[in-house]
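S.K.: sequence first, then the predicted structure, then my questions.
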Amino acid sequence: MEATNMDYLHQPPSQQNNGKQDNGNGFDIVTAFSQLETSRKMTLFDQLMVGRANAYRNTLKSIWPESNDHDARKLEIILRARLDRLKKFS
C-alpha cells in the first residue's frame, strides 16, 4: 500500500485545504481572512462586536464578492470563538 503525503508545505497557501470546507464555488473564507490586511480584519471584527450585522455582511461582500451568507456566518462563528478564548485568558 502506497503512503499518502500529508505534508502541505510544498503547496502555496492558496492551494492548501487543511481540512476546511469551501462554499461550494472554491472560495474558502478562512484562508481569505487569514490573508487579509489587519485594518480590514479589524473593520470586520468591530462591525460584528458592535452589532452592525448588515454592515459586516456588506463589507464582507465588498471585499470578497464571491462570498455568500454561509461564509459570513462561518467567519462570524470563528471570530466570536476567538474573542471568547481571549476573554478566558484576561
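M.R.: Structure received.
S.K.: neighbours around Glu37, how many?
M.R.: 9 (other CB atoms under 10 Å). Quick note: C-beta positions are derived from backbone N, CA and C, even for glycine.
S.K.: need the pLDDT of it.
M.R.: Note for Glu37: predicted pLDDT of 96.
S.K.: contact partners of the lowest-mean-pLDDT helix or strand in the chain?
M.R.: When the helices and strands of the chain are scored by mean pLDDT, DSSP states H and E, helix 69-89 comes last with a mean of 92. Contact with helix 69-89 is made by 23, 27, 29-30, 33, 44-45, 48-49, 56-57, 60, 64, as judged by CB atoms under 8 Å, 6 or more residues apart in numbering.
S.K.: ChimeraX command to pick out the buried ones of those residues?
M.R.: Here is the ChimeraX command that picks out the buried ones among the contacts of helix 69-89, judged by 16 or more other CB atoms under 10 Å:
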select :23,29,33,44,45,48,56,57,60,64
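S.K.: report the lowest-confidence entry in the contacts of helix 69-89.
M.R.: Asn23 (55).
S.K.: any chance of CSV for the contacts of helix 69-89, columns distance to Ala81?
M.R.: Shown next, in CSV, are the contacts of helix 69-89 (distance: CB to CB, whole Å):
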residue, distance to Ala81
Asn23, 19
Phe27, 21
Ile29, 14
Val30, 12
Phe33, 13
Leu44, 15
Phe45, 12
Leu48, 12
Met49, 13
Tyr56, 16
Arg57, 19
Leu60, 17
Trp64, 20
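S.K.: reformat the contacts of helix 69-89 as CSV; add secondary structure and distance to Ile78.
M.R.: Formatted as CSV, these follow (DSSP: H, G, I helix; E, B strand; the rest coil; distance: CB to CB, whole Å):
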residue, secondary structure, distance to Ile78
Asn23, coil, 14
Phe27, coil, 15
Ile29, helix, 8
Val30, helix, 7
Phe33, helix, 8
Leu44, helix, 11
Phe45, helix, 11
Leu48, helix, 11
Met49, helix, 14
Tyr56, helix, 13
Arg57, helix, 15
Leu60, helix, 13
Trp64, coil, 15
